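>>> sequence plus predicted model, see below.
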Amino acid sequence: MARNTYYRSPHWRALKKATHERDGWRCIVPGCQTPTHRLTCDHIKRRPNVDGPTAYDVMSNTRTLCGNHDALVKETATGKRRQDGKLIVKGARSDGTPLDPNHPWHRAGS
């Protein structure tokens, strides 16, 4: 979390709650089966490290992620997002099929 006061502001708390409600209080990554605890409101495009609201602090620039998926895309010390911000579902069902609905195994004719 950035070292500014924005993340303790009423504006952030309202935006975070509205984002979680819009996303059904679940991680938005397709196939993610993480329980609803440890949810994070993530900025899709990085916001500047300032104390007040910015043009980046809007619902169209936020998404709900579980703690695991949030950690996969967090910014490094240089400000670049890990995996270029791409979210990937990892793991498989008990029958061996991948959890990620976009995995090639789930494509028709495969």
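Cool, got the structure.

>>> ok, the helix or strand harbouring Thr64: who's next to it in the sheet?
Counting by DSSP states H and E, the element that carries Thr64 is strand 62-65. Each strand paired with strand 62-65, and its direction, by DSSP bridges: strand 40-43 (antiparallel).

>>> all helices of this structure, in order?
10-22, 67-73 (DSSP state H).

>>> packing partners of the shortest one?
When contacts are defined as 3 or more CB pairs under 8 Å, 6 or more residues apart in numbering; DSSP states H and E, helix 67-73 packs onto strand 40-43. Where C-beta positions appear, they are placed from N, C-alpha and C, glycine not excepted.

>>> now do the same for the strand it packs on: mean pLDDT, whole number.
Per-region confidence: strand 40-43 scores 92 on mean pLDDT.

>>> stretch 23-33 too?
pLDDT averaged over stretch 23-33 gives 86.
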